[in-house]
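> Sequence plus predicted model, see below.
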Number of protein chains: 2
Amino acid sequence: MTKTIIKLTVRDVRFPTSLEQHGSDAMHTDPDYSVAYVVIETDQGMQGYGLTFTVGRGTEIVVCAVEALSALVVGKSLEEIVSDFRGFYRLLTSDGQMRWIGPEKGVIQLATAAVLNAVWDLWARSEGKPLWKLLVEMDPRKLISCIDFRYITDALTEEEALDILVKAQTGKQQRVDQMLKEGYPAYTTSCAWLGYSDQLLKQLCTDALNDGWTKFKVKVGADLKDDIRRCSLIRQMIGPHNTLMIDANQRWDVGEAITWVTRLAEYKPLWIEEPTSPDDILGHAAISKALAPLGIGVATGEQCHNRVMFKQFLQASALQFVQIDSCRLGSVNENLAVLLMAHKFKVPVCPHAGGVGLCELVQHLILFDYISVSASLDNRCVNMDIPDPGYSCEMLESSVQTHQYPQGQVWKKLQ
Amino acid sequence: MTKTIIKLTVRDVRFPTSLEQHGSDAMHTDPDYSVAYVVIETDQGMQGYGLTFTVGRGTEIVVCAVEALSALVVGKSLEEIVSDFRGFYRLLTSDGQMRWIGPEKGVIQLATAAVLNAVWDLWARSEGKPLWKLLVEMDPRKLISCIDFRYITDALTEEEALDILVKAQTGKQQRVDQMLKEGYPAYTTSCAWLGYSDQLLKQLCTDALNDGWTKFKVKVGADLKDDIRRCSLIRQMIGPHNTLMIDANQRWDVGEAITWVTRLAEYKPLWIEEPTSPDDILGHAAISKALAPLGIGVATGEQCHNRVMFKQFLQASALQFVQIDSCRLGSVNENLAVLLMAHKFKVPVCPHAGGVGLCELVQHLILFDYISVSASLDNRCVNMDIPDPGYSCEMLESSVQTHQYPQGQVWKKLQ
């Protein structure tokens, strides 16, 4: 019996995180962590949940875009969608009128992610599996048929992609068992948001060390003296053998990035994340080249909006760590394309997480990457637990209602 | 007395052009030419008009984004804005929450363009000048202060930009007189939209030749045999000395673009426009390199979303014709940045026009480019007339009302 999607709802859900500067960085100084939250429903009463992450104002625009896309989803059956998922992906991303306001970027791409995340969630639930398991157990040819290769065939053909997946079948069960037993290596950013005081930073770092964390990310880019002090402090606290990463959230121009990070080199960061504009492939390539002799890599991706951009970052050796985002790219479909390209170019994937839902979603993608694509943990890390059936997008309905913007209780109180 | 902006309205205005396939191309098969139309009003009753071009569905999302930006505009005085236009530009493009859903791309950038186009229109009207004249007569330092150089200083510094403008002061009045007398070279696309029959194409081409047109653009990319037939037909009709351009509207992958255009080389197109994804800088560079020996250049830009992208297209020699768009980039401010970079990299600018309002707007930019930046007409062309005060964004109120979507008379009839 087919499952026809008969309804799509989308809500603007915001958490007032800016009140205490959680999530603050050099460019996003007052984020209210938020989501456009999508629920799809079939004629049989089954539901799929999807979301895309935002940081407050503007979420209503993404909601409006999801509403515009819903006409392309409602009325389709799950079977129809997944029997030609590439075609369905292109239907959403290449609508003859709506592609003009993208294409495949910004608001419309975030909306596409939210909608398709819900479809993947529905698919995984209907199979009774967590998404990573659906992916890991899927026939490689079927997986490939979910990916739109338009604009990337000069870097990765369908045949090459299939070959990667087929080769990685060897040892797959062993890696599944290993992941279920040991989990995936992770890092924390929770200690050192830019708005935190040194005292809070020290305390959180001590707690994290006690909890067994070994990888620490520090926000930089607002003031060089502050950055030197904070990096020095953290490096002292974590010692020479733990890992430090730094993150500038796009604050610098290209030349400035090189000068600034060179000044922080003595604290031995593994990577500098988002040194400049997320659109600047050639800029990132120049920064990568300049920092390589210092042993510092470049990481980027949380605002890299599609597979065409990632393709070029890889072609230009413009990054040494690929930070896919489960809600910025066009859902699982486009993330699969990027994971496969990263593998071909031999660049490790360390997904962007944090925010609302991102940790929950990317754990599925990175598990799939390890088990079915890369088979390697070298230089890789993410936040994660082992998840339930679906794509882990479902939110507590009471939490959604309390935080719905602007009518939820939390926001009414703040007005 | 200061002019404070006390009101901003935005409307969704659509023209049912898809009914007769006007504007159809390989990727936008059924466009309804549309705009998000902005009117700002000062406390003294003066109005400024702005718009951004769209092709139908999705215009309501841009309208929603303009509404989100209006809080940053309403309450500000024109004097306050133009005394630090760079700061105001960054306020709109780098809002700590809204930049997440861009940054500087897609829906939010189109909305920024619409709002800032209205501000520039208001400024020009308040000075009683058409926009091109406001720009041409503006002190170079003041002009530079309107540009956000963030992320482009590795290609063009403020000092270099100023130097370009100062040097071009020589002979300026002569070029103004020349433009007022002779106008700017132009080309037409109206003959050969993809949905047109050969018969219609022949007839329109004959009419255009009789009207004195010398440059003709043909849409290609859907079917190679059709393209060969159509290009051959047009080349026969226009003869060897008139100019033919071809436009694929992003239809191809990189390798495919090279093969396909090579097959059309015998019809001697001046350029291939938008051969592949608008995001693919390295792809365009590869295509440029492959087609250079055939004497065919690459043109792109109508979906190039910001100065960071254009910077890289120029750095990578990925285009030979820069097609700025008055509504895709962040209004005049960002177009100024691109014009100056193009001049530094010695690449001619041939603006994207057509659509609703685009011809009217870019004429101001290209006049400024010739008079105050490039001082050259080599390899340059656009659609144009000589305009009235303002930025030529004002629409007939009766036309706006008739075409407002979905409540206007034209749309009610079609439902």
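Everything's here; your move.
> rest of the way, CA atoms for contacts and neighbours
Fine.
> Poorly predicted segments of chain A, please.
A:383-387 (pLDDT under 70).
> Quick one: residues contacting the most centrally placed residue in it.
Nearest to the geometric centre of chain A sits residue A:325, at 1.8 Å (CA atoms, centre = their mean). Going by CA atoms under 8 Å, 6 or more residues apart in numbering or on different chains, residue A:325 touches A:301, A:302, A:303, A:335, A:351, A:352, A:353, A:358, A:362.
> Which SSE is immediately downstream of the one helix or strand residue A:161 maps to?
Element membership for residue A:161 (DSSP states H and E) is helix A:158-167. Counting by DSSP H and E, the element after helix A:158-167 in chain order, helix or strand, is helix A:172-182.
> Export the next helix or strand after that following helix to CSV, keeping only CA atoms.
Elements were assigned by DSSP H and E; along the chain past helix A:172-182, the next helix or strand is helix A:198-210. C-alpha atoms of helix A:198-210 as CSV (Å, rounded to 0.1, in the frame of the first residue of the first chain):
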residue,chain,number,x,y,z
ASP,A,198,37.6,34.1,30.8
GLN,A,199,36.3,32.8,34.1
LEU,A,200,33.4,31.0,32.5
LEU,A,201,35.7,29.7,29.9
LYS,A,202,38.1,28.3,32.5
GLN,A,203,35.3,26.7,34.4
LEU,A,204,33.7,25.1,31.4
CYS,A,205,37.1,23.9,30.1
THR,A,206,37.9,22.3,33.5
ASP,A,207,34.5,20.5,33.4
ALA,A,208,35.0,19.3,29.8
LEU,A,209,38.5,18.0,30.7
ASN,A,210,37.0,16.1,33.6
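> Mind listing what's buried along helix A:198-210?
Neighbour-count burial for helix A:198-210 flags A:201, A:202, A:205, A:206, A:208, A:209 (criterion: 16 or more other CA atoms under 10 Å in any protein chain shown).
> I'd like to check which residues are in contact with the fifth one.
If a contact means CA under 8 Å, 6+ apart, then residue A:208 has residue A:191 as its contacts.
> Distance check, it against chain B.
For residue A:208, the distance to chain B equals 28 Å [CA to the nearest CA, to the nearest Å].
> I'd like to know how far the residue nearest to residue A:85 when sequence neighbours are not counted sits from chain B.
Spatially, and ignoring its direct neighbours in sequence, residue A:85 is nearest to residue A:146 (4.8 Å; CA to CA, 6 or more residues apart in numbering or on different chains). Residue A:146 sits at a distance of 18 Å from chain B (criterion: CA to the nearest CA).
> cool, residue A:391 as well?
22 Å.
> Isn't that residue up against residue A:129?
No: judged on CA atoms under 8 Å, residue A:391 makes no contact with residue A:129 at a distance of 9.1 Å.
> Could you check which of these two is surrounded by more residues?
Higher neighbour count among residue A:391 and residue A:129: residue A:391, with 31 against 19, using other CA atoms under 10 Å in any protein chain shown.
> circling back: any of the contacts of residue A:325 buried? List them.
A:301, A:302, A:303, A:335, A:351, A:352, A:353, A:358, A:362.
> Quick check: the farthest pair among those residues?
A:303 and A:362 (14.9 Å; CA to CA).
> re the thing from before, would you list the buried residues of helix A:198-210 in a markdown table and tack on distance to residue B:371?
Formatted as a markdown table, those follow (distance: CA to CA, whole Å):
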| residue | distance to residue B:371 |
| --- | --- |
| A:201 | 56 |
| A:202 | 59 |
| A:205 | 59 |
| A:206 | 63 |
| A:208 | 62 |
| A:209 | 64 |
